[in-house]
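Provide a 3D model corresponding to the input given below.
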Amino acid sequence: MEIAGTGETPSYADLDRPPLVARSLRTGVLRVPPWRELHVLNEVGSTNDVVVVAARAGEAEGLVVVAESQTGGRGRLGREWVSPPRAGITMSMLLRPAVPVDRWSWLPLLVGLASARAVAERTGLDVRLKWPNDLVVADRKLCGVLAEVLSGAVVVGLGLNVSTRRAELPRADATSVDLELGADEVADRAPLLLAVLRAIGPDYLAWADADGSPDVLAAAYRAACASIGRRVLVSLPTGEQVAGDAVDVDEHGRLVLRRAGGELVTFSAGDVTHAALDG
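Numbering: from 1, shown residues only. Prediction:
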């Protein structure tokens, strides 16, 4: 089907930020199920919006849309997600999991976990997860994941800062792969993008083959989650904030918090802030 956006393989002036080449990416990833179609667009408002339109038009599972520049993306709690041209990996994926809908809550955690593993293996960075699915390095946000549930489909968007410079980051606690690697090392976006998709694909299929059972990823997720064992503040979509000690992630992927009086409460959505690390 036709994918709306501005053209593929644009010209560019920033030699430190070469464009992604759609043909090479397709060759590298379309043999890895469930991925079957990949588009690289010069500029879009939101990759999630593009894939949502495709999903509602009946597009099959496995579509990936990547944008070189995103001007109107969304993050958690309605935050804006704007990516400078060719500075990161901004993409959305269409999945149609044939598992019980009440287990779909694990899907964005699965994507975060697989992506963290891929980035760590590719770069050597110590990448952890801040619940539910932010990739962090020493509590500095490297990547965000946002899932939108439709009828019979899930659109999962991912934004990874690769060559984003300090002045381009939207907040002081954000970072990029290049900033973490240091001035002498520059990460290539294409191998990173391929590594992420090659990690997500098999993990997703294994989870789907297990009928969405959390048993196939819960232990690995808990081991990678930097929130468990920390004092955290959870900001809810209602505006309420709840503080406590993060003690677990339950069988539904919800964060389990122990409040000051010992009461255990669970959260299925929210933005987590970690207390400062000791030392």
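
from here on, contacts and neighbour counts on C-alpha atoms
Will do.

List the buried residues for the strand or helix carrying Leu193?
Leu193 is located in helix 189-209, with elements delineated by DSSP states H and E. For helix 189-209, a neighbour-count test (16 or more other C-alpha atoms under 10 Å) marks 189-190, 192-201, 203-204, 207-208 as buried.

what's the closest of the residues you listed to Glu68?
The shortest approach to Glu68 among these belongs to Arg189, at 10.8 Å (C-alpha to C-alpha).

give the contact list for the closest one.
By C-alpha atoms under 8 Å, 6 or more residues apart in numbering, Arg189 lies in contact with Leu20, Gly88, Ile89, Val162.

And the closest residue to the first one other than its chain neighbours, how far from Ala120?
Think Leu20. Of all residues beyond its chain neighbours, the one nearest Leu20 is Ala190 (6.4 Å), with distances taken as C-alpha to C-alpha, 6 or more residues apart in numbering. The spacing between Ala190 and Ala120, counted by C-alpha to C-alpha, to the nearest Å, is 15 Å.

now, the most widely separated pair of the contacts of Arg189?
Greatest spatial distance in the contacts of Arg189: Leu20 and Val162, 12.9 Å, computed using C-alpha to C-alpha.

Using the record's assignment, carve the chain into domains.
For the chain, automatic domain parsing gives the domain ranges 22-221, 228-274.

Just list whatever residues bridge to Val156.
Applying DSSP bridges to Val156 yields these beta-bridge partners: Met93, Ala147.

and it, how many residues sit next to it?
Residues near Val156, counting by other C-alpha atoms under 10 Å, number 23.

And Asp215, by the same measure?
Around Asp215 there are 11 other residues, counting by other C-alpha under 10 Å.

doesn't Val29 make contact with Leu194?
Yes: using C-alpha atoms under 8 Å, Leu194 is in contact with Val29, at 6.3 Å.

Tell me the secondary structure at Asp49.
helix (DSSP: H, G, I helix; E, B strand; the rest coil).

likewise Pro18?
At Pro18 the chain is in coil, as set by three-state DSSP.

Give me the phi and psi angles of it.
Here is the backbone geometry of Pro18 (degrees, to the nearest 10): phi -70, psi 150.

If Gln70 is in a bridge, with which residues?
Judged by DSSP bridges, the bridge partners of Gln70 are Val44, Ser83.

tell me which helix or strand of this structure sits lowest on mean pLDDT?
For the chain, scoring each helix and strand by mean pLDDT, DSSP states H and E identifies strand 80-83 as the least confident one, at a mean of 63.

Could you list which of the contacts of Arg189 belong to helices?
If you go by DSSP state H, these have nothing in helices.

What ranges does the stretch 51-200 of the chain have for its strands?
Secondary structure of the stretch 51-200 of the chain (DSSP state E, counting those that start in this stretch): strands located at 63-74, 80-83, 88-95, 128-130, 134-137, 140-150, 153-161.

and the angle for the third one with strand 153-161?
Strand 88-95 and strand 153-161 meet at an angle of 170 degrees, taking axes from the mean of the first three to the mean of the last three C-alpha atoms, to 10 degrees as the criterion.

pLDDT of strand 88-95, averaged?
Taken as a whole, strand 88-95 carries a mean pLDDT of 97.

so what does that strand touch, helix or strand wise?
helix 47-56, strand 63-74, strand 153-161, helix 189-209 (3 or more C-alpha pairs under 8 Å, 6 or more residues apart in numbering; DSSP states H and E).

among those, which gets the worst mean confidence?
strand 63-74 has the lowest average pLDDT among the helices and strands packed on strand 88-95, namely a mean of 87.

list the buried ones in it?
For strand 63-74, burial by neighbour count (16+ other C-alpha under 10 Å) applies to Leu63, Val64, Val65, Val66, Ala67, Glu68, Ser69, Gln70, Thr71, Gly73, Arg74.
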